[in-house]
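Trainee: return a 3D structure for these sequence lines:
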Amino acid sequence: MYLKRSLAAAGFDYIEPPVSAAAAWTEEEFEKYLDAVKNAPIPVPSFNVLFPGDIALLGPDADEQVITRYLHGAFARVRKLGGKVVVFGSGRSRKRPETVTYADAFRRLTEIARLIGEIAAQYGLTIVIEPLNRGETNMINSVAEGACLAAAANHPSVKLLADYYHIAVEGHAPEDLARVGGIAHCHIATLNGRRAPLEADEGFKTMFAAMKQTNYDGLISVEGGIDDLVKDGPQCVRLLKKLWEEA
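Mentor: Okay, here's the model as predicted:
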């Protein structure tokens with residue numbers, strides 16, 4: 001609750017907590033958090049970290065019944081908390097085992113993405129695929145790959161996320177966002193140190209300009225470290241609003 005008040009005071013519009021944490025709470029813990037959210041000054045419209053690391057999506061350890069049961073429980077809680085968008089990053093869960101070819105893993109991940117979309121739709125949620133850098137996973141490491149996965153899943157509740165940090169780590173062009181389109185959510189952090197942006201960067205401007213070409217109207221979540229929320233938070237918010245207006 002204190003964190004939500006501090007974020008609101010700093011000028012942030014919402015908070016984006018992890019799905020995996022909410023799914024792991026006891027009923028008593030969940031009810032306490034639900035009450036806190038209802039009385040908080042800012043909402044929780046988006047969630048990240050869809051799967052905990054011990055749920056495998058690919059290879060011999062993947063169990064569709066476990067995945068399905070987990071998703072129903074998690075999405076029910078996300079919906080009660082006011083969530084609308086859920087980020088499908090979960091690099092460890094979607095890691096391709098060495099015994100599985102990329103083609104087979106992609107086909108299986110397509111089936112999983114479609115399953116996630118079908119269950120998400122039952123709860124009025126949208127799933128956004130998050131391309132991650134190769135240091136975090138070996139599947140879906142670029143916006144283009146993410147767009148291909150979303151297209152292959154072919155479900156209206158499965159869309160794409162753009163994350164500046166991962167794009168920059170991989171050395172990809174932010175301009176690609178305008179080419180692939182379909183962006184429904186955004187994460188941003190600095191390349192150096194993965195921090196909350198406090199200074200202007202041409203990469204941010206380029207990314208925002210590309211997003212504007214797609215008529216982007218979704219959220220922009222800061223997914224980076226910040227030393228002093230009270231002092232640096234307002235600066236971060238002002239900077240991002242200014243960069244968006246200028247893009």
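
Trainee: all helices of the chain, in order?
Mentor: Counting by DSSP state H, one finds helices in the chain at the ranges 2-10, 19-24, 27-38, 64-80, 102-122, 143-153, 164-169, 176-180, 202-213, 229-246.

Trainee: tabulate these (TSV), appending mean pLDDT, distance to Gly135 and mean neighbour count.
Mentor: For the C-beta atoms, the positions are set from N, CA and C on the backbone; glycine is no exception. Formatted as TSV, the helices of the chain follow (pLDDT from 0 to 100; distance: least, C-beta to C-beta, whole Å; neighbours: other C-beta atoms under 10 Å):
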stretch	mean pLDDT	distance to Gly135	mean neighbour count
helix 2-10	78	28	15
helix 19-24	98	20	19
helix 27-38	95	31	13
helix 64-80	98	25	17
helix 102-122	98	18	17
helix 143-153	98	16	20
helix 164-169	98	7	22
helix 176-180	95	20	19
helix 202-213	96	19	18
helix 229-246	96	24	15
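
Trainee: out of those helices, which gets nearest to Gly91?
Mentor: Closest approach to Gly91 among the helices of the chain is made by helix 164-169 (9.9 Å; C-beta to C-beta).

Trainee: how far does that closest one sit from its chain's centre?
Mentor: In terms of C-alpha atoms, centre = their mean, to the nearest Å, the centre of helix 164-169 is set 13 Å apart from its chain centre.

Trainee: got it, and stretch 145-158?
Mentor: That offset, for stretch 145-158, works out to 15 Å (C-alpha atoms, centre = their mean).

Trainee: for that stretch, which outside residues touch it?
Mentor: 106, 109-110, 113-114, 116-118, 120-121, 125-127, 129-131, 140, 159-161, 180-182 (C-beta atoms under 8 Å, 6 or more residues apart in numbering).

Trainee: next one: stretch 209-219
Mentor: 14, 45-46, 85, 162, 174-178, 181-186, 247.

Trainee: pretty sure Leu132 sits against Gly89.
Mentor: Yes. Counting by C-beta atoms under 8 Å, Leu132 touches Gly89, with 5.9 Å between them.

Trainee: re the thing from before, is it possible to get a markdown table of the helices of the chain that adds distance to Leu58?
Mentor: As requested, the helices of the chain are exported to a markdown table (distance: least, C-beta to C-beta, whole Å):
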| stretch | distance to Leu58 |
| --- | --- |
| helix 2-10 | 34 |
| helix 19-24 | 18 |
| helix 27-38 | 29 |
| helix 64-80 | 11 |
| helix 102-122 | 5 |
| helix 143-153 | 13 |
| helix 164-169 | 19 |
| helix 176-180 | 23 |
| helix 202-213 | 29 |
| helix 229-246 | 35 |
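
Trainee: which one of these lies closest to Glu223?
Mentor: That would be, of these and by C-beta to C-beta, helix 164-169, which comes in at 7.2 Å.
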